[in-house]
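fold the stuff below for me.
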Amino acid sequence: MFHEHNCRSRCPAHCHTSRRHFIAAAGATIAGTLLLPGCSTSSKPSAEIQRIKPMGPASTYTPTLRAAFVRRQEEYGMWWPGQIYDGEAARKNYTRQIQQAARDQNINLDLRAEPIFTAQEADAWIAESVAAKADGLLVVLLDRQKHAWPTAAKAVDSKIPTVIFSPLGSSFTTNTINLAERTGCCICSTDDFSQVRYGMKMLGAGARIRQTRCLVIAGKNTRDITLPHLGTQLHYIPAQTFLDIYNQTPENAEVLALADDLIRRSRGLHGGCTRQDVINGIKSYVVARSLLEKEQADAISMDCLGALGSSKVSLPCIAWSKMNDDGIPAACEADTGAIATHIVVQNLFDKPGFQQDPVADTVNDALIGAHCSCPTRLNGFDAKPERYDIVPHHGARDATARPHWPAGQRVTMADVVIGSNEKPTQIIAAAGNVMDNISAPPAGGCVVSVRVKFESNTNILAFPGFHQLFFFGDHCRQLAQYCRLYGLQYTPA
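Residues are numbered from 1 along each chain as shown. This next block holds a predicted model:
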C-alpha cells in the first residue's frame, strides 16, 4: 500500500463518485453449516460463498439504446453495395445479433421496425431519440448512397453517443473520413460483429458510469461531488464511521467462515501471518459491505492510511481485494482518479484491475507496479482466481492476498486523470507483458510487486500517472474508442 500521506489529488475539490448494487444479508453467506471458532483452516464450507453485489443507482439502471437500419427502399442496382448484396438477409442476421447483444448486456433495445428509407424519416427518428433521452444510438448502414451517411452524421450531431455500423460494401474511406475524428461516435467498418458488440458495451457502460455512486470514507464531513465528464457521484462520509462499525462487528460464524475460505483457497500463510490477521481483514470486508448497503453505493474507497494507520483496526487490503473480485470497484487511499479508473475498467471489460504505485526499473526499462491490495480473479469476475498466498502488509501489519501474475501475460495500464470545466478528463494507457513478480522481502516496498515491460517510448523514469491500474489483456485501442465516443482525451503513455 502506498505509504505517502501526501498523495497527489486527481481532481478539483468539487469532484465525487458512486456506483453499483449491493445485497448485504445474502452476500457472503454460506448455505449450510458455517465454520465455527477453532475449526481447522483446511475445513471446507458446505457451499460456495455468495459474492457481494452493488447497491447503488447504477445497479438498477437499464441503459436505453435506440437502433435503426438505414438504406434505400428500392433495389440496390449498380450502386454499392450492389445488387449482389442481400440487404434483407443482412438485416435479419444483424437484428438477431443486436438483440442478443442487448440481452447479454442488460440493455433496453428500441429497434426501429422498418429501415429508415428517407432523410425525412431520419430527422424524425433522431428527434424522437433526443426527446426520449436515449443513452446511445446504433445506426446500421445497409447502403452507401443518398441519405445513408448523412443520417449517420445527423445522429452524431444529436450529441447522443453514436455507434455507426458499416458492413463491408456500405462505405468507402471517402464516407468515413468526415466522421473519423469526430467526438461522440465510433465507426465499425467491418463484417465482424464483435466490434459492434463492444460498441454497444461502451454505450451501456457510459450510461452506467454516469449513474454510479461511490462511497468515499474520508475526512470528517459528509458531502457529494460529481466527477466532470464522467458523471459519477462521490458520496463522502466521515472516516470515523468505519471505525465505529468495525469495533461493533463481532467475529461471528460468517466472518470466521469467510476467513477460513480465503485461507483454504490460498497457497498458505507466510511472513508471520496468522488466521487472526485474516479474520481482522474479513471484518473490514463485512464493515464495507454494511456501509455499501446503508449508503446505497456501487463502489467504495477510503483514506485507509489516514483513517486507520494509527489504529489497530485492520487496513482494508483483503476487503478491497475481495470486493474487486466481486465486481465492486474498490479503490485505495480515496484517490479520485483511481476510483474512476476502477469504475471505467470494470464496466468496459468485466474484470478487476490492480491499483499500484509505479516504480521505475532502469535495467530492464520496465515498470514495477507495487501495492498491498490486489484482486485475484484477474481474468474476469467469473474466472478462477490466480494462485495466491497470504502475507503481511508492507508495514508488517495486517494480512493481504498476494496473487501470482503469470510471466508473459499481456496487460494494459490505464489511468484516468480527472479534468475540469476547462480541461478534459483523460485516460493514459499502455500495453505490455508481465516479466515477473518481485518478492518483497527481500525487496522493500509493497508486497504485491509486478514487473511489466511496456511498449512505450516514454523514459521509464518519467512514466506518466500514479495509482494506475494494471489489468489482463490488451485494451488500449478499445480505451481510445471509448474516449472518442465520450469526449475524453486519450493519451498513449
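
okay, the closest residue in space to His393 that isn't next to it in sequence: pLDDT?
Leaving aside its sequence neighbours, His393 sits nearest to Cys372 (Cβ to Cβ, 6 or more residues apart in numbering; 4.8 Å). In short, each C-beta sits where N, CA and C put it, glycine included. If you check Cys372, the pLDDT there is 96.

got a list of what Cys372 touches?
Contact partners of Cys372, counting by Cβ atoms under 8 Å, 6 or more residues apart in numbering, are Met1, Leu315, Cys317, His393, His394, Thr400, Cys446, Val447, Val448.

again, only using 6 Å
Met1, Cys317, His393, His394, Thr400, Cys446, Val447 (Cβ atoms under 6 Å, 6 or more residues apart in numbering).

helices and strands of the chain: which one has the lowest mean pLDDT?
Ranked by mean pLDDT, DSSP states H and E, the weakest helix or strand in the chain is helix 304-308, scoring a mean of 76.

now that one: how far from the chain's centre is it?
Centroid separation for helix 304-308 versus its chain: 24 Å, with Cα atoms, centre = their mean, to the nearest Å.

hmm, who's touching whichever helix or strand comes after that helix?
Counting by DSSP states H and E, the element after helix 304-308 in chain order, helix or strand, is helix 317-326. With contacts defined as Cβ under 6 Å, 6+ apart, helix 317-326 is touched by 51-52, 281, 284-285, 288, 330, 352, 372-373, 375-377, 393, 400-401.

neighbour-wise, which one of the contacts of Cys372 leads?
Among the contacts of Cys372, the one with the most neighbours (other Cβ atoms under 10 Å) is Thr400, at 31 neighbours.

re earlier: filter the contacts of Cys372 down to just the ones in strands.
Among the contacts of Cys372, the members falling in strands (DSSP state E) are Thr400.

pLDDT check: weakest of the contacts of Cys372?
Lowest pLDDT among the contacts of Cys372: Met1, 35.

tell me, what residue is most central in this protein?
Among the residues of the chain, the one closest to the centroid is Gln346, at 2.0 Å (Cα atoms, centre = their mean).

gap between it and Leu215?
The gap separating Gln346 from Leu215 is 16 Å, by Cβ to Cβ, to the nearest Å.

kindly report the same for Ile318.
Taken as Cβ to Cβ, the span from Ile318 to Leu215 is 18 Å.

hmm, back to that, tell me the phi and psi of the residue nearest to His393?
Backbone torsions of Cys372, given as degrees, to the nearest 10, read phi -110, psi 10.

quick one: it from Phe354, how far?
11 Å.

repeat that for Val255.
With Cβ to Cβ as the criterion, Val255 and Phe354 are 26 Å apart.

between those two, who's got more neighbours?
Comparing Val255 with Phe354 by other Cβ under 10 Å, the one with more neighbours is Phe354, at 24 against 21.

that one against Thr376, yeah?
No. The criterion here is Cβ atoms under 6 Å, and Phe354 misses it with Thr376 at 10.1 Å.

show me where the stretch 1-150 of the chain has strands.
64-70, 108-111, 136-141 (DSSP state E, counting those that start in this stretch).

the longest helix along the chain vs helix 317-326, what angle?
When the chain is parsed with DSSP state H, its longest helix is helix 275-295. Compare the direction of helix 275-295 with that of helix 317-326 by axes from the mean of the first three to the mean of the last three Cα atoms, to 10 degrees and you get 60 degrees.

residues contacting helix 275-295, please?
With contacts defined as Cβ under 6 Å, 6+ apart, helix 275-295 is touched by 22, 24, 41, 52, 55, 215, 245-246, 249, 251, 255, 258-259, 262-263, 300, 314, 316, 318-319, 322, 399.

pLDDT score for the residue lying closest to Tyr388 once chain neighbours are set aside?
Nearest in space to Tyr388, with sequence neighbours left out and distances taken as Cβ to Cβ, 6+ apart, is Pro403 at 4.2 Å. Predicted confidence (pLDDT) for Pro403: 98.

Pro403 and Cys374, how far apart?
6 Å.

more neighbours: those two, which one.
The residue with more neighbours, out of Pro403 and Cys374, is Cys374; 30 against 22, by other Cβ under 10 Å.

residues contacting the more buried one?
So, once contact is read as Cβ under 6 Å, 6+ apart, Cys374 ends up touching Phe354, Pro403, Val448.

phi, psi of the nearest residue to the last one once chain neighbours are set aside?
When you say that, I think you mean Val448. Leaving aside its sequence neighbours, Val448 sits nearest to Cys374 (Cβ to Cβ, 6+ apart; 4.4 Å). Recorded main-chain torsions at Cys374 are phi -150, psi 130, according to degrees, to the nearest 10.

ok, Cys374 to Thr400 distance?
Going from Cys374 to Thr400 by Cβ to Cβ gives 8 Å.

over to Thr376?
11 Å.

buried ones in the strand ranked longest in the chain, by neighbour count?
Secondary structure of the chain read by DSSP E shows that its longest strand is strand 426-438. The neighbour-count check on strand 426-438 (16 or more other Cβ atoms under 10 Å) flags Gln426, Ile427, Ile428, Ala429, Ala430, Ala431, Gly432, Val434, Met435, Asp436, Asn437, Ile438 as buried.

kindly report the same for stretch 231-244.
Thr232, Gln233, Leu234, His235, Tyr236, Ile237, Ala239, Thr241, Phe242, Leu243.

go on, stretch 174-189?
Asn175, Leu179, Gly184, Cys185, Cys186, Ile187, Cys188, Ser189.

mind listing what Val255 touches?
Contact partners of Val255, counting by Cβ under 6 Å, 6+ apart, are Ile282, Lys283.

next up, phi/psi of it, please.
Per degrees, to the nearest 10, the backbone of Val255 is at phi -60, psi -50.

distance check, it against Val286.
Distance check for Val255 against Val286: by Cβ to Cβ, it reads 6 Å.

dump the residue contacts of the closest residue to Ala307 other than its chain neighbours.
In this structure, Ala307 finds its nearest non-sequential neighbour in Ala239, 3.6 Å apart by Cβ to Cβ, 6+ apart. By Cβ under 6 Å, 6+ apart, the contact list for Ala239 reads Ile217, Ala218, Ala307.

ditto for Thr458
By Cβ under 6 Å, 6+ apart, the contact set of Thr458 is Ala493.

cutoff 7 Å now
When contacts are counted by Cβ atoms under 7 Å, 6 or more residues apart in numbering, Thr458 touches Pro464, Ala493.

can I see the domain layout of this structure?
Following automatic domain parsing, one finds the domains of the chain at 60-209, 212-492.

how long is the longest one end to end?
It refers to domain 212-492. Terminal residues of domain 212-492 lie 26 Å apart, using Cα to Cα, to the nearest Å.

shouldn't Val434 be in contact with Arg410?
No. Assessed by Cβ atoms under 7 Å, Val434 is found out of contact with Arg410, at 8.1 Å.

where along the chain do the helices fall?
All helices of the chain, identified by DSSP H, fall at 57-60, 87-104, 119-131, 148-157, 173-176, 193-211, 240-248, 253-265, 275-295, 304-308, 317-326, 336-349, 476-486.

the second one: how far from the chain's middle?
The chain centre lies 27 Å from the centre of helix 87-104; the measure is Cα atoms, centre = their mean.
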